[in-house]
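Visitor: Have a look; sequence and predicted model below, questions after that.
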Amino acid sequence: MNSVRVLFLYPNERDMSLVPPVLGLFARLLKDRGFIVDLFDSTGYDFEGKADPDVEAEKSLFFKPVEPASAKGVRKKLTNMFDDFVGKVEAFGPDLIAMSATESTFVRGISMLRHLRSVRKYRILTVVGGVFATFAPEKVIREPEVDLLCLGEGDVALPELCERLRRGEDFSRVPNLWVKRPDGTVIKNAPGKAVDINALPTIDFSIFEDDRFYRPMWATVYRMLPVETHRGCHYTCTFCNSPSQNVLYDTQTQSQFFRKKSVAKIREELVNFRDRWKGEYIFFWADTFLAWSLRELREFCEMYSEFKLPFWCQTRPETVAPSARGYEKLEMLRDVGLHHISFGMEHGNEKFRCEVVDRCYSNDLAVKALQVPADLGLPFTVNNIIGFPDETHDLAMDSVEINRQFRSFNLSCATLAPYHGTGLRDLAVKRGYLNPETITPPNTGWSVLRMPQFSPEEIYGLQRTFVMYVKFPKSRWPAVERAEALTPEGDEAWRKLRDEFLTTFFQEPEVRIDRVNDRR
């Protein structure tokens, strides 16, 4: 064939989410080689079972209600998503459908591919990539709608697959690809070495609709785009699959999955962001932004002083430990545009956090470290998780207690999502809390674990009242406890407390929500 037409499928479950940089990168890699690409993105559609985590977070008081996205031209899609997908395929005529899916979006994506094949009987070659394909390849490849999967990074594998399709050559031995034969057997190729992320081209965002670039931050909707600074993470948290990525690449490819981009490369992408895509706000895409050394951070800040666009990043308490260097790091970032920073606290019990979550630092260090952004006037968020294997309600309340010691701008509380490739999923299966066949759905606050000491109903009840426990004085805790109950009476108590919370803590623009909490 003269060229290859590739249709990306992004079965997104969230409205107002960031555009995925991997698809923009793949689009650029393929276009540079003369391939034709397009995208079907489910963002903006309403469909059965959809629950937007941003809306759920707002209901749970994790942040102030945002301005309507429609103010920035963001529109809901009122047509049928499945019919539109079929229409896109018919109009574009792809030779390959490439679906990028996480565990929580995989089932949705498969339903779309299944609908396509049932309605039109199309047999278009289909490849699935992403972290779910990497850590649950047997579950992915067994689906009739999946012909190939990409294990690990696709930066080299996808262009090579397309090159072989163009030349009519066999692609069954391309590194990273699992290839299903007509008889159902599977060729399982090992992954290739981790790519040099400094040699990759800048991202092409043209495959996305323009309203996909808008996302809320601090109750305001900005034109926001992601810029990758690190790929992977050198920490070993058991709720994350980055440690498994490190092991996979170390053992099978003798290369390092955790990589840092050079400051020169980041600058190149920032220029592209500013000049080509007219960005207003930067979302730095890194598990731990402050994984840089102090020397590297100084070099970054010197470069970024050219741009000074507001930006968000995330890190860990240890990276701004209570020292002169912690203040120096955040002062440098503040002076060049740091607008908001998120810290992963995850759990408030030192012993449990170390033994179960593999985050071994003291509560004293965390409290002192998070005093640093407070002293510097930097708004920050503290992220927490409840519903860990073997956790109890009392243990989860330790997370409430430590958050009462932070002067955070806001905070979040997620229910554990036991994704494939994480240590906590393995633990949950071992304990009998999780069926090994479970595919973790989009996170709406409901736990998929079945623990006798901490039920899904109890976890959801605490998750929806977590911020109330943190921000209301302890004299109000009996009322908050009543609002945990998932009963008509509990729901009514929760609604009343939520209304009070909104008028008490969110009554001023961009108010820091701990200002009026007397902590008693």
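Guide: In hand now; what should we look at?
Visitor: mean confidence for the strand or helix carrying Arg334?
Guide: In the assignment (DSSP states H and E), Arg334 maps to helix 324-336. Taken as a whole, helix 324-336 has a mean pLDDT of 93.
Visitor: So which elements touch it?
Guide: helix 294-304, strand 338-346, helix 371-375 (3 or more Cβ pairs under 8 Å, 6 or more residues apart in numbering; DSSP states H and E). The way it works is simple: take the backbone N, C-alpha and C, and place the C-beta from them, glycine included.
Visitor: Just name the most buried of the ones you listed.
Guide: Across the helices and strands packed on helix 324-336, averaging neighbours per residue (mean count of other Cβ atoms under 10 Å) puts strand 338-346 on top, at a mean of 22.
Visitor: Report all helices and strands that that one contacts.
Guide: Strand 338-346 is packed against strand 311-315, helix 324-336, strand 380-386, helix 393-403, with contacts defined by 3+ Cβ pairs under 8 Å, 6+ apart.
Visitor: Need the contact partners of it.
Guide: 217-218, 237, 239, 281, 310-317, 330, 333, 353, 357, 359, 366, 369-370, 373, 378-385, 399, 402-403, 409 (Cβ atoms under 8 Å, 6 or more residues apart in numbering).
Visitor: let's go with 6 Å and repeat that
Guide: 310-314, 316-317, 357, 379-385 (Cβ atoms under 6 Å, 6 or more residues apart in numbering).
Visitor: thinking again about what came up before, got the helices and strands packed on strand 338-346 as CSV, with distance to Ile459 and mean neighbour count columns?
Guide: Formatted as CSV, the helices and strands packed on strand 338-346 follow (distance: least, Cβ to Cβ, whole Å; neighbours: other Cβ atoms under 10 Å):
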stretch, distance to Ile459, mean neighbour count
strand 311-315, 24, 21
helix 324-336, 33, 17
strand 380-386, 6, 22
helix 393-403, 8, 19
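Visitor: lowest-pLDDT helix or strand in this protein?
Guide: The weakest-scoring helix or strand in the chain, judged by mean pLDDT, DSSP states H and E, is helix 53-59 (a mean of 54).
Visitor: ok, then the element right after that helix?
Guide: Assigned by DSSP H and E, the successor of helix 53-59 is helix 81-92.
Visitor: thinking again about what came up before, quick one, the helix holding Arg334 and strand 311-315 angle?
Guide: Note on geometry: by axes from the mean of the first three to the mean of the last three Cα atoms, to 10 degrees, helix 324-336 and strand 311-315 are set 160 degrees apart in direction.
Visitor: circling back: just send the helices and strands packed on helix 324-336 back as TSV, with distance to Leu9 too.
Guide: TSV is the format used below for these (distance: least, Cβ to Cβ, whole Å):
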stretch	distance to Leu9
helix 294-304	35
strand 338-346	30
helix 371-375	40
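Visitor: In space, what's closest to Gln254 - neighbours in sequence excluded?
Guide: Lys193 (7.5 Å; Cβ to Cβ, 6 or more residues apart in numbering).
Visitor: circling back: quick one: the helix holding Arg334 to chain centroid distance?
Guide: Centre-to-centre, helix 324-336 and its host chain are 26 Å apart (Cα atoms, centre = their mean, to the nearest Å).
Visitor: List of residues touching that helix?
Guide: 297, 301, 304-305, 308, 320, 372-373, 376, 378.
Visitor: swap the cut-off to 7 Å and go again
Guide: Contacts of helix 324-336 from elsewhere in the structure, counted by Cβ atoms under 7 Å, 6 or more residues apart in numbering, are 290, 294, 297-298, 301, 304-305, 308, 320, 369, 372-373, 376, 378.
Visitor: quick one: least confident of the residues you listed?
Guide: Out of the contacts of helix 324-336, that is Lys308, at 86.
Visitor: For Gly421, see how far away the closest residue to Ser408 other than its chain neighbours is.
Guide: Nearest residue to Ser408, sequence neighbours excluded (Cβ to Cβ, 6+ apart): Val382, at 4.7 Å. With distances taken as Cβ to Cβ, to the nearest Å, Val382 is found 25 Å from Gly421.
Visitor: repeat for Glu163
Guide: 29 Å.
Visitor: Give me the more crowded residue out of the two.
Guide: The neighbour comparison of Glu163 against Gly421 (other Cβ atoms under 10 Å) goes to Gly421, with 20 against 17.
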